[in-house]
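1. need a structure here:
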Amino acid sequence: MSLVANIVGFSLFGLAARVGQLGIQKRNILENPVGHAIAMGAFGFAGYWAYQWDQRAAVLLQQKRAEIAERRLQTEGANAKSS
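-> The predicted model follows:
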């Protein structure tokens, strides 16, 4: 998933949350557009953070898998020599 799609998706969820909030309160949905922008910005930032977290986690998992594969090869080599 791309960065832009992640940010836009979270922003739209923030807009939906704001509209839902105003609907529960039975207030006019178009009453305060600044509130919509703040909600979209906050959720968009959360989407950016989630994307960065996902990318970093992928790098860490790749490094850990490489370490495990290296240890596995070393263990198999040691077992082959002792047999």
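
2. elements contacting the worst-scoring helix or strand of the chain on mean pLDDT?
-> Using mean pLDDT, DSSP states H and E, the weakest-scoring helix or strand in the chain turns out to be helix 33-82, at a mean of 93. Here helix 33-82 touches helix 3-24, going by 3 or more CB pairs under 8 Å, 6 or more residues apart in numbering; DSSP states H and E. Quick note: C-beta positions are derived from backbone N, CA and C, even for glycine.

3. Would you mind checking the average pLDDT for the helix it packs on?
-> Across helix 3-24, pLDDT averages out at 95.

4. name the helices or strands packed onto it?
-> Helix 3-24 packs on helix 33-82, going by 3+ CB pairs under 8 Å, 6+ apart.

5. The helix it packs on to helix 3-24, inter-axis angle?
-> Interaxial angle, helix 33-82 versus helix 3-24 (axes from the mean of the first three to the mean of the last three CA atoms, to 10 degrees): 130 degrees.

6. what's the nearest residue to the residue nearest in space to the middle of the chain if we skip its chain neighbours?
-> Central residue of the chain (CA atoms, centre = their mean): A50, 2.4 Å from the mean position. Leaving aside its sequence neighbours, A50 sits nearest to N6 (CB to CB, 6 or more residues apart in numbering; 6.5 Å).

7. Much appreciated, bye for now.
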